[in-house]
Structures are given as C-alpha cells and as structure tokens.
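Trainee: Build me a model:
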Amino acid sequence: MVSSNDHEVLRVRAEEALAETVEEMPGRSRGVYTSVLLAGRHRWRLLLHRRQPAPAGRCDAVVVGPSGVFAVNVVDELPGEAQIRRLRAQAEQMFTGVKIGPNGNEFVRETVELVFVLPPGRLTGADGRFVVCTDATVRSLLSRKPVMPARLAGALAEHTARRNSDYRAVRRVESEQVPTEADGLLDVASLRTDHLTGALRKPFPTWLSFLDPDQLALVTRNHNGPARIVGPAGSGKTVLALHRMAHRARRSTGPLLFTTLVKNLPPCQESAFARLLPTVGRAEFTNLHSWAQDFLAERGIHRKMELRRTETAFNRAWAKVGRSSPLTNATPDPRYWREEIDRVIKGRGLPPTEAGFDAYDGLDRRGRRVALRTSQRVHVWNLYVEYERIRTERQCYDGNDIITAALDELRTDPLPRPYAMVVVDEMQDMTLQGVRLVHALTGDEPNSLLFVGDRQQQIYAGGWRFIDADINIVGRSEKLTRNYRNRHAILKLAASLDGACPVDDIDTPDRHSLDLTDAALPDGHAEQITCTGAELPDHLRRQLDRIVAEGISLSDTAVITITNAEADAVLRMLREWGIAAQELLDYRCADTDSGVKVGTVYRAKGLDFQAVIHPFTQPTPPPRTDAEQERYDLLMRQQFVAVTRARDYVWLGIVRD
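Mentor: Residues are numbered from 1 along each chain as shown. This next block holds a predicted model:
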C-alpha cells in the first residue's frame, strides 16, 4: 500500500529520472512518462529518444515489460498513413535480430505495438494496426496479460538501449534507494532456461514474443497465393500461424478468421491471439460449421446441423438398402459406409445424380484401404441416394449440407468485404468441400489464406489434394521439424507407437514423421503399461496422485479417451472421488478453467497439457480385413495424437480384457 506522501515522493523521483535522461521535453510528455514510470516501476523499462518529441519517422519512447513492447508516440492527433508506416518500420527495425544468446531464440519484431497517446477527450477508434490511448489511460497497457518473463523483458530493454544510441534507458524509480538488477544483458543460459521452461507452464506464454530463428523468417515471408505450414506434433505450427495472422492484422484493415473443424479449439487460440494482439476486434475464431451456419443465417438461409436426426436417417437407409447388400461382404460395420458417404462422397460435393455417380466411379478414394469395384460402388451410391431421400424428407441437415450450402451461396453472391486473412488449423481433417469454402473466402490473394496441419495426426477418414480444390501451393509450403512441446521421454514414447509411422504428403514428395533428434526439451516422464478394465480405476487414481506429487496442477492435466462413453465413465469416477473435473468441450484455455480436463481425442486435437493420462482399449481381435485395418490405423493415430498432447508427463494404459 502506497500512501499519498509516498506517491508524491515517487513522482518527484520519476521526474528527476526523466530529467537525467532527457534535458528538455514538453510538459505533456513528461506527465505521460511519469505515469508509465510509476505504474511499471518494478517490472517495466522506459527508453526515451534523446530528442523529445522525436524527429519525424522516429518513435518518442519504447516501453518494455512482461506484457510486450510498446513504441510510444505522444501526439495531439493521429498522423497520416505514410507516417504511421514509417513509425512501424522504425519500431520493428530497432528489434531486428535480437536473440537470447548466439544460438537462442529471436525476438519477434512484429509483436512491437505502435502506440499513439492523445490528449484527454480526443480518443478515436483503432482497428488493430496500432493502439490509441490518452494521457490518463496509457498506464493500462502495462496491465495486460504477460507474454514473456520479467527478466527476459529487462534484458531485452537493456540490449535495445545498448545497440541504439538514440534511445536512453530511464533509471528505475523505487520506494527506497535499493540496488536494482545490474544493467546489461542478463545471463544467457538462465534466460534461455526461463524461456523454455516458461513455455511449458501455460500455452504460448513466451513463444508469443520469441521464436526459433528458422521460424521467425516464416512470419513475414511473402506468399503470392494460398500457403501452408506442415510439421509433426509440437513443432509450433499454430503459434507461427498466429504470428502471421497478427502480422497481417497490423498491415491491413479487413476482417480476419481463424477456423478449424474442432469446436473447442478456436476459443483457446483466440485467448493466445488476444495476448499477442489485444486491440484487434475484427478477428473471428470459430469452427467452420458454426461460421457457415451464421453466414447462411445472415443471408436469410436457415440451416441447423442436426447430427442425431441425420444419424437416424442413415440408420434407416442402411436398414432398407445396405444391410442386405453385398457391401457387408467388404465390411458389415455400417460406420465404414457412413464415413464413405460423409467424407468421400458428400465431403467432395458429389450430388445424388447420375453425373455424381460417374464422378464417384472414377474417384481415387485417397486414404481408404477397401478397394471398391464399380459394382460395389453402385451399392454405396444406392445407400447414399436413399439416405439423401430420407434426410430431405425429414428436413434435417448434416455437416456437409451446411458447408455446401454456404459454398453455393458464396459462389452466387460473394462477400462484399473479403477476409484479409483466413487461417485453417488442423487442415488434414477438413473435407474437400470445407477447403473449397475457405478458399472462396479469400481467393488467391497474396498472404490471405494459410493452411496448418500434419497428415500424421489425421483422425478422420478420407483424403484430398489441394489441386482437387483448384488451389496451387507449389513453392508456398513451409515445413517445420523441431519439437517444442514434448519433453524427450514423451517424444520417444510417441515415436514408438504404431500411429507414428511416417506418412506421405499428398501434394509433395515429402514424408511426415517425428524426429527424436530435434527435441528442444530434455527429460520428462513417459510410462506405458498393460492392464485390465477392472484394474484401470486404481491406475487412474494412482496416476493423479503421482502427478500432484510431481508438482503438476490437476488443472493442467487431461484424461484423453477414444470414445465419449469412456470420457463419461472417467468423469463419473473423478466426481465420485471428489476430484474437480471439466469436460474438454467446455475448456477455453482461460485462467478460470479448473479441474482435470476430460474428453476424447477429437476434443483434444490442437491442445496441449502439462500431464496427460490416456487409457486406450486395445482392439481385439487384430485386424483381418482391409476395413478393419483402416479402422485400426485410425485408432492408432488417435492414440498417437493423445500421447503427443503431453508436455512433461504422460501415462499410456493399454486396456486388455
């Protein structure tokens, strides 16, 4: 608690510190910088240009702290576009090439925020390219959520002042005249340790400010059309995509969209982006089906995805024309044929017409092991036509209907204001129609469409090529290799699983796989055991106790299952034991989220946790037919995805009865 007398003493010391740094400055500027010094005296550093105000094209001051780097300009009114571009270029140039040690990670200069401080009463709106505040509100910048450790911010400020003679560091203001940290770049080894271990505690805290130099170049790389980022689990694909989205936001005024198939993933990425670029109100984070439904509603077309009703429609169609057909010779499991219709036929936009069948008959069914002759495809088509008849009669819609309706509407009446950028995460599980839809939002505009994903983590049936959607990514595909998420022991276990086998890239000659030699983080705990279903509850309880003993919070722990029924059973057990639990469907990566996270691999995709428990029921008997082998392969990839969600600790329980 600071008394009014203490506050006055601090104010005087702040003004003295400013006078020591710059002899002359306007009174209004002095008031702004005094406010900054008082608000951030323990964890923030202020660097002033030696001339106040600074010459044209130079920022007046730089403020560096845990919440980021702000290039501050005290002005009476907003400058013109040309001056804004010059100020941004100069602010970013100040931090170009700043690294943590000779082999460390590099500061992302694009994260520097341009700030204009206006007089009270003149506040105007901003669009995310820069921040606007007043003399009275400038200190609110310092209260944002942190994106880097305070020690790292201090070292960054000292390093910046040393390499740029035009800017001088203002000494800290303390309640008592106590020694502060020595000037100069702090110990490189400890800083790098802070950087790596800090990134393990919460999703993306430090990687929002520093990236591997190899990745940093990809933030600003110019692409003259749609592009993609690929790489194995934990290689930082989504972090890089968020940086590219922020880079685009600071240089455009159009809307931005981050989308994927997973319903609960966009809110988590929105939380990370809000730390990276808090002032952008034109960035939308939503799953693709929700976007399509909202878009159609805006156009007066009301379509609601009803999975239970459409599942009933399919079951009726299967009972009428499928169960007694030769399809059961290939596999009697109706789920396989449901996937065939959902992912291969409707997912490609093939209508239930003769022309649609001709296209299906000649289709290369990528990713499907069961080979189908024309006579068999006729029976699949009959099942599809009957399903569509029943679904249309009942007026219910599946996910593909929503996507196709939105695509048709866009082709008829394009958006009046195209998206400045669309990021598509987990692209490997999109349908071809979904890929066509996001392409229709941006077309082939430079730097406007970015796909992110890894075929090794594909957990839905079927496949496609970009050329099938009339998208050319030749020369615009970036591949990441280094793993930043999983400690070495976890990576070693993941690499030993059947689901980790290398996969061919559909559009290039490359193969995708995990590389144990390129793990950024050492050590870790990884355990795999075999148990019975009756023994599983005791194992789960012991693992939760051990996780707590290891110093890991249960709020940073997830139990990831294959089926919803398994997730429900785990939730019941945890609640019976009095352990707080949260469904992954409701998880938003917020500070208020608490309890063990429980859900399926589908809900865990794209997320990471400090500890993961994965009970996996081993399929028995082993696969004998192509259809069984295909389903087995998908299960193994789900197991692989679950294990790679862990950062420090993973337990894999193979359940055999």
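
Trainee: show me the residues around Val138 that make contact.
Mentor: Neighbouring residues of Val138 by C-beta atoms under 8 Å, 6 or more residues apart in numbering: 32, 35-36, 72, 115, 117. From N, CA and C alone the C-beta is placed, and that goes for glycine too.

Trainee: Gln528 in helix, strand or coil?
Mentor: What DSSP: H, G, I helix; E, B strand; the rest coil gives for Gln528 is strand.

Trainee: Could you tell me which residues make contact with it?
Mentor: Counting by C-beta under 8 Å, 6+ apart, Gln528 makes contact with 493, 651-654.

Trainee: Please indicate which of these are buried?
Mentor: When the contacts of Gln528 are checked for burial by 16 or more other C-beta atoms under 10 Å, the buried set is 493, 651-653.

Trainee: Just those: which are in strands?
Mentor: If you go by DSSP state E, the buried ones among the contacts of Gln528 have 651-653 in strands.

Trainee: Tell me how many other residues surround Ile490.
Mentor: 27 (other C-beta atoms under 10 Å).

Trainee: Revised request: answer the last question for Ala56.
Mentor: Counted with other C-beta under 10 Å, the neighbours of Ala56 add up to 9.

Trainee: How about Pro352?
Mentor: Quick note: Pro352 (other C-beta under 10 Å) scores 18 neighbours.

Trainee: Give the helix, strand or coil label for it.
Mentor: At Pro352 the chain is in coil, as set by three-state DSSP.

Trainee: my guess is it contacts Tyr384, does it?
Mentor: Yes: using C-beta atoms under 8 Å, Pro352 is in contact with Tyr384, at 6.0 Å.

Trainee: intersection of neighbour lists for those two?
Mentor: Common neighbours of Pro352 and Tyr384 (C-beta under 8 Å, 6+ apart) do not exist.

Trainee: Pass me the low-pLDDT residue ranges in the stretch 401-550 of the chain, would you?
Mentor: Scanning the stretch 401-550 of the chain for pLDDT under 70 picks out the ranges 504-517.

Trainee: now the helices for it?
Mentor: 432-442, 488-495, 536-549 (DSSP state H, counting those that start in this stretch).

Trainee: coming back round to it: output the ones in strands among the buried ones among the contacts of Gln528 in TSV, with pLDDT and distance to Val131 appended to each entry.
Mentor: Listed next are these as TSV, based on pLDDT from 0 to 100; distance: C-beta to C-beta, whole Å:
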residue	pLDDT	distance to Val131
Trp651	98	45
Leu652	97	46
Gly653	96	49
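
Trainee: Which one of those residues is nearest to Arg11?
Mentor: Ranked by distance to Arg11 (C-beta to C-beta), those are led by Trp651 at 55.3 Å.

Trainee: so what's the closest one up against?
Mentor: 527-529, 539, 543, 612-614.

Trainee: just curious, which of those residues is nearest to Arg389?
Mentor: Nearest to Arg389 among the contacts of Trp651, with distances taken as C-beta to C-beta, is His614, at 41.2 Å.

Trainee: From Val598, how far out is the closest one?
Mentor: For His614, the distance to Val598 equals 11 Å [C-beta to C-beta, to the nearest Å].

Trainee: between the two, who's got more neighbours?
Mentor: Neighbour totals were compared for His614 and Val598, and Val598 leads with 28 against 24 (other C-beta under 10 Å).

Trainee: Helix, strand, or coil at that one?
Mentor: Going by three-state DSSP: Val598 is strand.

Trainee: just checking, it touches Glu583?
Mentor: Yes: with contact defined as C-beta under 8 Å, Val598 counts as touching Glu583 (6.1 Å).

Trainee: Need the residues touching each of the two.
Mentor: 567, 571.

Trainee: Give me the buried positions along stretch 82-96.
Mentor: 84, 86-88, 91-92, 94-95.

Trainee: and of the ones in strands among the buried ones among the contacts of Gln528, the nearest to Arg373?
Mentor: Nearest to Arg373 among those, with distances taken as C-beta to C-beta, is Leu652, at 39.8 Å.

Trainee: ok, so what distance separates the closest one from Val72?
Mentor: Leu652 is 51 Å from Val72, by C-beta to C-beta.

Trainee: For stretch 215-233, measure first residue to last.
Mentor: Using C-alpha to C-alpha, to the nearest Å, the span of stretch 215-233 from its first residue to its last is 15 Å.

Trainee: And that stretch, how far out from the chain middle?
Mentor: With C-alpha atoms, centre = their mean, to the nearest Å as the basis, stretch 215-233 stands 14 Å off its chain's centre.

Trainee: Go through it and flag the buried ones.
Mentor: 215-216, 218-220, 223, 225-233.

Trainee: and if you look at stretch 127-135?
Mentor: Those would be 128-135, for stretch 127-135 by 16+ other C-beta under 10 Å.

Trainee: quick one: the strands in the stretch 351-500 of the chain?
Mentor: 421-424, 449-453, 477-479, 483-487 (DSSP state E, counting those that start in this stretch).

Trainee: Compare those strands and report which one is nearest to Ala461.
Mentor: strand 449-453 (15.8 Å).

Trainee: Could you list every helix and strand in contact with that closest one?
Mentor: On a contact count with 3 or more C-beta pairs under 8 Å, 6 or more residues apart in numbering; DSSP states H and E, strand 449-453 meets strand 227-230, helix 237-249, strand 421-424, helix 432-442.

Trainee: Pull the contacting residues for the closest residue to Leu415 other than its chain neighbours.
Mentor: Distance criterion C-beta to C-beta, 6 or more residues apart in numbering; nearest residue to Leu415, sequence neighbours excluded, is Leu441 at 6.8 Å. Listed by C-beta under 8 Å, 6+ apart, the contact set of Leu441 reads 257, 410, 415, 418-419, 422, 449.

Trainee: Buried ones from these, can you make that a PyMOL selection?
Mentor: To isolate the buried ones among the contacts of Leu441 in PyMOL, judged by 16+ other C-beta under 10 Å, type:
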select buried, resi 257+410+419+422+449
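
Trainee: Adding distance to Arg308, write the contacts of Leu441 out as JSON lines.
Mentor: Conversion of the contacts of Leu441 to JSON lines gives the following (distance: C-beta to C-beta, whole Å):
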{"residue": "Leu257", "distance to Arg308": "28"}
{"residue": "Leu410", "distance to Arg308": "28"}
{"residue": "Leu415", "distance to Arg308": "32"}
{"residue": "Pro418", "distance to Arg308": "36"}
{"residue": "Tyr419", "distance to Arg308": "32"}
{"residue": "Val422", "distance to Arg308": "30"}
{"residue": "Leu449", "distance to Arg308": "33"}
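
Trainee: Closest one of the contacts of Leu441 to Ile402?
Mentor: So of the contacts of Leu441, ranked by how close each gets to Ile402 (C-beta to C-beta), first place is Leu410, at 12.8 Å.

Trainee: that older thread, got any residues that touch both of His614 and Val598?
Mentor: Listed contacts common to His614 and Val598 are 559, 561; contacts here mean C-beta under 8 Å, 6+ apart.

Trainee: for the protein, what's the longest helix?
Mentor: The longest helix of the chain (DSSP state H) is helix 374-394.

Trainee: Now that one: buried residues?
Mentor: Buried residues in helix 374-394, counted by 16+ other C-beta under 10 Å: 376-388, 390-391.

Trainee: again with stretch 288-304
Mentor: 288-289, 291-293, 295-296, 303.

Trainee: same check, this time on stretch 263-281
Mentor: For stretch 263-281, by 16+ other C-beta under 10 Å, it's 263-273, 275-280.

Trainee: Could I get the pLDDT score of the closest residue to Leu350 other than its chain neighbours?
Mentor: Nearest residue to Leu350, sequence neighbours excluded (C-beta to C-beta, 6+ apart): Gly356, at 4.2 Å. With respect to pLDDT, Gly356 has a value of 96.

Trainee: Contact partners for Gly356?
Mentor: Per C-beta under 8 Å, 6+ apart, neighbours of Gly356: 345, 350, 381.

Trainee: let's see 10 Å
Mentor: 345-346, 348-350, 381, 384-385 (C-beta atoms under 10 Å, 6 or more residues apart in numbering).
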